[in-house]
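>>> Structure, please.
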Amino acid sequence: MDKISKNTFYFSHDYNTRNDEKIKELIFNYGMSGYGIYWSIIEELYQNTNVLHLNYERIAFELRADISSIKSIINDFNLFVISDENFSSLSVQKRLDERNNKSEKARLSVNKRWSDTNVLQTKYDSNTIKERKGKEKKVIYTPLIDEVILYFNEKGYTKDSAVKAFHYYQENNWKDSRNNQVKNWKQKMQGVWFKDENKIKNEQLPAHLTRVLN
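So this is what the prediction gives:
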């Protein structure tokens with residue numbers, strides 16, 4: 001059995017989800033297979049910061065379902081929030097907010113614990129600290145999909161190309177075609193994706209990203 005990645009995040013699966021009237025309607029129309037599709041989409045949203053492109057064909061292919069069912073499940077039961085060419089989920093956003101809140105509380109707790117003690121100064125001498133610093137791995141920042149879309153737009157390139165670029169690297173753990181880690185995502189976008197065919201023509205920035213700029 002494959003080992004679960006240590007970077008996997010868990011989210012709560014409400015035990016009474018099937019009692020929700022919208023879910024009941026979904027199951028009435030598509031059976032438990034439709035319920036499974038719904039949770040598969042929820043998992044995908046959770047892994048992609050609650051934003052997915054409305055590419056019904058790609059979603060249908062990944063979930064081995066027909067396109068008409070995917071379109072209906074996303075649009076007809078008021079289970080998702082549709083915004084321009086993307087969609088999201090209020091329940092996923094709630095879970096993400098809870099996760100981020102817990103992470104922030106944990107970070108503050110650790111900072112307080114370290115600030116109240118002199119552990120580093122008493123336990124290690126200066127040479128040891130330098131050695132540890134030399135062995136520490138550099139943290140590489142990976143962007144959210146909205147950051148990529150916004151960056152492409154600011155540089156004059158289309159949202160579709162931004163979404164494609166994001167998913168390409170996201171699905172490969174932010175490694176390029178040569179399996180090298182992407183250390184500077186903006187430089188990688190400039191060098192690989194900023195091409196004439198990806199330039200904006202008459203496309204406008206989505207409303208939810210416009211708010212980011214203001």
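
>>> Could you list every helix and strand in contact with whichever helix or strand residue 72 is part of?
Assigned by DSSP states H and E, residue 72 falls within helix 67-75. Judged by 3 or more C-beta pairs under 8 Å, 6 or more residues apart in numbering; DSSP states H and E, helix 67-75 is in contact with helix 21-47, helix 56-63. Every residue, glycine included, has its C-beta placed from N, CA and C.

>>> out of these, nearest to residue 174?
helix 21-47 (13.3 Å; C-beta to C-beta).

>>> quick one, that closest one and helix 67-75 angle?
100 degrees (axes from the mean of the first three to the mean of the last three C-alpha atoms, to 10 degrees).

>>> Now do the buried residues in helix 21-47.
23, 26, 30, 34, 35, 37, 38, 41, 42, 45, 46 (16 or more other C-beta atoms under 10 Å).

>>> Could you list the domains of the protein?
17-92, 145-213 (automatic domain parsing).

>>> ok, back up a step: just checking: what are the partner strands of the next helix or strand after the helix holding residue 72?
Helices and strands here follow DSSP H and E; after helix 67-75, the next one along the chain is strand 81-83. Applying DSSP bridges, strand 81-83 is found paired with strand 86-88 (antiparallel).

>>> ok, and what's touching the partner strand?
Strand 86-88 is contacted by residues 45, 50, 51, 52, 53, 54, 74, 80, 81, 206 when judged by C-beta atoms under 8 Å, 6 or more residues apart in numbering.

>>> Check stretch 67-79 too.
Contacts for stretch 67-79 (C-beta under 8 Å, 6+ apart): 22-23, 25-26, 29-30, 34, 37-38, 41, 54, 56-57, 59-60, 63, 80, 82, 87, 89.

>>> any idea of the mean pLDDT for it?
Averaged over stretch 67-79, pLDDT sits at 94.

>>> With stretch 24-33 instead?
94.

>>> can I have that stretch written out in PDB, keeping just the CAs?
Written as PDB, here are the backbone C-alpha positions of stretch 24-33 (Å, rounded to 0.1, in the frame of the first residue of the first chain):
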ATOM      1  CA  LYS A  24     -30.600  14.500  -0.900                       C
ATOM      2  CA  GLU A  25     -31.600  16.100  -4.200                       C
ATOM      3  CA  LEU A  26     -28.200  15.200  -5.700                       C
ATOM      4  CA  ILE A  27     -28.500  11.600  -4.600                       C
ATOM      5  CA  PHE A  28     -32.100  11.400  -5.900                       C
ATOM      6  CA  ASN A  29     -30.900  12.400  -9.300                       C
ATOM      7  CA  TYR A  30     -27.500  10.700  -9.500                       C
ATOM      8  CA  GLY A  31     -27.400   8.100  -6.800                       C
ATOM      9  CA  MET A  32     -24.400   7.400  -4.700                       C
ATOM     10  CA  SER A  33     -22.100   7.700  -7.700                       C
END
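
>>> neighbouring contacts of it?
By C-beta under 8 Å, 6+ apart, stretch 24-33 touches 18, 34, 35, 37, 38, 65, 69, 72, 73, 77, 79.

>>> how does it look with 6 Å?
34, 35, 77 (C-beta atoms under 6 Å, 6 or more residues apart in numbering).
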